[in-house]
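# what would the 3D arrangement of this be:
(2 chains)
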Amino acid sequence: MIDLKYLQNNFDEASVKLQKKGIDAPTLENLQTLFATLKNINAALEALRAEQNSMSKLFGQYMREGKDIAELKAKVDANKVEMIPLQQRAREAEEALHSVALSMPNFPDDEVPEGANEDDNVELRRVLEPRNFSFKPKEHWELAQSNGWIDFERGVKLAKSRFSVLRGEAARLERALINFFLDTNATKGFEELCVPFMNNSAMLQGTGQLPKFEDDLFKIEGEDLYLIPTAEVPLTNMYNDEILNQKELPVLMTGYTPCFRKEAGSAGRDTRGMIRQHQFDKVEMVAISHPEKSDEVFEMMVQNASDILTALGLPHRVMELCDGDLGFSAASTVDLEVWLPGQNQYREISSISNTRDFQARRAKIRFKDGKKNRFVHTLNGSALAVGRTVVAIMENYQNEDGSIEIPDVLKKYM
RNA sequence: AGAGAGGUGGCCGAGUGGUUGAAGGCGCACGACUGGAACUCGUGUAUGGGGCAACUCAUCGAGGGUUCGAAUCCCUUCCUCUCUGCCA
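Numbers count the residues shown, from 1 in each chain, chains lettered A, B, ... in the order given. Predicted coordinates for the structure are as follows:
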């Protein structure tokens, strides 16, 4: 949730920022008006309530003193009638404001490069040189076929399209990667958590998936539960509606979960192979940070994810997202893109975002700063997407005969 | 899933219609005592909104109702616990 007071006091500035995220001026003006209207109605209503309360208090006194209460009661009744339409208007204004405000994306940071889409993202650096192949490297689905690693057909049979089954060594590689990621994150101070894979709607609203992106989620029928699209949801919401002690910050959490996404709107993209599935494994990092420390924490998280790729010997590049490509909740995002020689391109394998206080406002995550309660900053990032790492290992570690090497750091896990 | 009990501030817990936003305790913060600590003592300590402030409004799981007035009464709903059933 954006800071509505900030919006009201710095409308032009806020408007420029949100236009980059595709919000037009009229929408924003509407929001501002709703906010101002609600404030006015509430002020009037509260004045009447105050009067009502003070008159009500007199009743006790009058009755003890044996005075007549008829006149007082008449006044109170009149006051009450006056409040009814205001209460109605306040309720309507509140609902309208709430629904608009929850659909408003986060402001991009000032330093975020400008741009329209992913083509305008800025490459910060490349790590490791792509290997020179003496043969034409194959795509992972070909290798999956010849090695019997991925059973696409039976995944579809068991569920539907965009599901798959890992078999034998591939399944063990998946498991090895999860362990390797979790262990590595632990050495950086992240506490490992094992969380529910379904969360309720309040939590999904807290991190920003609801109400706007319900179509991307798998909902459990007849329950207020959704399959999580990322561990960011349960991990961040661990502290939903809580007030942390400043000494506890930063809270660093990591966890492995499968992630479930309908991939609505992705029809026709990456239909082949395992790049885009309805279910995939991911190890996530989440940080709850003091607002003044979140940039530091962010850098640490990017470095950690990059180091993991380096340890696996996977060439990658570090991309800073332009404002037009930022997600709904993010104020700034760095993507790590791993080199896929079979596809001959870099593909996203990790996305690390600082949401500043955007999620904290929605999820009411605060910390005590002296006497005041302030919103924390929340950050999240993949370390790493497991399925895509399997794909990257397949393509980068393939031999001419189609066999696949296992990176050295993983050998003790397999 | 069936039966019963219950949901109050960071935690425990009192409170069945009128200065109760809520006793008491624990915890926490600050201060005193100490060489330093523990102990002890003193003070402070719910959240959110409006206002420069004094102050004021809302909130005792959530929603609705009764009443001049509700943490307290009524209805609906969610959740938790215990027992039974089922189950890894």
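# switch to C-alpha atoms for all contacts and neighbour counts from now on
Will do.
# how about the residues of chain A near RNA strand B?
Residues of chain A lying near RNA strand B by CA under 7 Å from any atom of the strand: A:5, A:39, A:43, A:46-47, A:49-60, A:73, A:76-77, A:242-243, A:366, A:372-374.
# can you give me the buried ones in stretch A:165-173?
For stretch A:165-173, burial by neighbour count (16 or more other CA atoms under 10 Å) applies to A:165-167, A:170, A:173.
# between the two ends of that stretch, what distance do you get?
Stretch A:165-173 has an end-to-end distance of 13 Å (CA to CA, to the nearest Å).
# chain center to it: distance?
Stretch A:165-173 sits 29 Å away from the centroid of its parent chain (CA atoms, centre = their mean, to the nearest Å).
# over to stretch A:57-74?
Mean-position distance between stretch A:57-74 and its chain equals 56 Å (CA atoms, centre = their mean).
# in that stretch, what's buried?
By neighbour count on 16+ other CA under 10 Å, the buried set for stretch A:57-74 is residue A:59.
# do stretch A:177-193 as well
For stretch A:177-193, the neighbour count (16+ other CA under 10 Å) marks A:177-182, A:184-185, A:190-192 as buried.
# restricted to helices, list those residues.
A:177-182, A:184-185 (DSSP state H).
# need those in TSV (columns: pLDDT and distance to residue A:148).
Shown next, in TSV, are those (pLDDT from 0 to 100; distance: CA to CA, whole Å):
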residue	pLDDT	distance to residue A:148
A:177	98	19
A:178	97	21
A:179	97	23
A:180	98	23
A:181	98	25
A:182	97	27
A:184	98	29
A:185	97	31
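# the nearest residue to residue A:72 once chain neighbours are set aside is in what secondary structure piece?
Excluding the flanking residues, the one nearest residue A:72 by CA to CA, 6 or more residues apart in numbering is residue A:55, at 7.5 Å. Following DSSP states H and E, one finds residue A:55 within helix A:25-65.
# so what's the residue count around whichever residue of the stretch 251-400 of chain A sits closest to RNA strand B?
The minimum distance from the stretch 251-400 of chain A to RNA strand B, using CA to the nearest atom of the strand, falls at residue A:373 (5.0 Å). As a burial measure, residue A:373 scores 14 neighbours (other CA atoms under 10 Å).
# any idea how far residue A:314 is from residue A:141?
According to CA to CA, residue A:141 stands 18 Å off from residue A:314.
# ok, the two, which is more surrounded?
residue A:314 (26 against 21).
# rewinding a little: among the buried residues of stretch A:165-173, which are in strands?
In this view, the buried residues of stretch A:165-173 that belong to strands under DSSP state E are A:165-166.
# now pLDDT and distance to residue A:296 too, for the buried residues of stretch A:165-173, in JSON lines please.
Listed next are the buried residues of stretch A:165-173 as JSON lines, based on pLDDT from 0 to 100; distance: CA to CA, whole Å:
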{"residue": "A:165", "pLDDT": "96", "distance to residue A:296": "39"}
{"residue": "A:166", "pLDDT": "96", "distance to residue A:296": "38"}
{"residue": "A:167", "pLDDT": "96", "distance to residue A:296": "40"}
{"residue": "A:170", "pLDDT": "96", "distance to residue A:296": "36"}
{"residue": "A:173", "pLDDT": "97", "distance to residue A:296": "32"}
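# hang on, the earlier thing: buried subset of the residues of chain A next to RNA strand B?
The neighbour count (16+ other CA under 10 Å) marks A:52, A:55, A:59, A:76, A:243, A:366, A:374 as buried among these.
# lowest-confidence entry in those residues?
Within those, residue A:59 has the lowest pLDDT, namely 80.
# give the phi and psi angles for the nearest residue to that residue once chain neighbours are set aside, as a check.
Leaving aside its chain neighbours, residue A:59 sits nearest to residue A:69 (7.1 Å; criterion: CA to CA, 6+ apart). When read as degrees, to the nearest 10, the backbone of residue A:69 gives phi -110, psi 0.
# with residue A:250 instead?
Dihedral pair for residue A:250: phi -80, psi 150, per degrees, to the nearest 10.
# do you know the pLDDT at whichever residue of the stretch 51-200 of chain A sits closest to RNA strand B?
Nearest residue of the stretch 51-200 of chain A to RNA strand B: residue A:56, at 4.0 Å (CA to the nearest atom of the strand). As predicted, residue A:56 sits at a pLDDT of 84.
# ok, and the closest non-adjacent residue to it?
Spatial nearest neighbour of residue A:56, chain neighbours left out: residue A:76 (7.7 Å); criterion: CA to CA, 6+ apart.
# tell me where chain A has helices.
Remark: helices assigned in chain A by DSSP H are A:4-9, A:11-19, A:25-65, A:70-102, A:140-147, A:152-158, A:169-187, A:201-207, A:232-236, A:294-311, A:358-363, A:386-396, A:408-411.
# which ones are touching residue A:235?
Counting by CA atoms under 8 Å, 6 or more residues apart in numbering, residue A:235 makes contact with A:193, A:195, A:253-255, A:286.
# can you name the two of these that sit furthest apart?
The most widely separated members of those, counting by CA to CA, are A:195 and A:286 (12.9 Å).
# compare these two (neighbour count), which wins?
Higher neighbour count among residue A:195 and residue A:286: residue A:286, with 27 against 15, using other CA under 10 Å.
# closest approach to RNA strand B from the stretch 1-150 of chain A, which residue is it?
For the stretch 1-150 of chain A, CA to the nearest atom of the strand, closest residue to RNA strand B: residue A:50, 3.3 Å.
# dump the buried ones among the residues of chain A next to RNA strand B into JSON lines; add distance to residue A:209 as well.
Converted to JSON lines, these look like this (distance: CA to CA, whole Å):
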{"residue": "A:52", "distance to residue A:209": "41"}
{"residue": "A:55", "distance to residue A:209": "46"}
{"residue": "A:59", "distance to residue A:209": "50"}
{"residue": "A:76", "distance to residue A:209": "45"}
{"residue": "A:243", "distance to residue A:209": "23"}
{"residue": "A:366", "distance to residue A:209": "20"}
{"residue": "A:374", "distance to residue A:209": "23"}
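# related to what we said a few turns ago, between the buried residues of stretch A:165-173, which is nearest residue A:222?
Of all these, residue A:165 has the smallest distance to residue A:222: 28.4 Å, by CA to CA.
# my read is that that closest one contacts residue A:150, right?
Yes. Using CA atoms under 8 Å, residue A:165 makes contact with residue A:150 at a distance of 5.6 Å.
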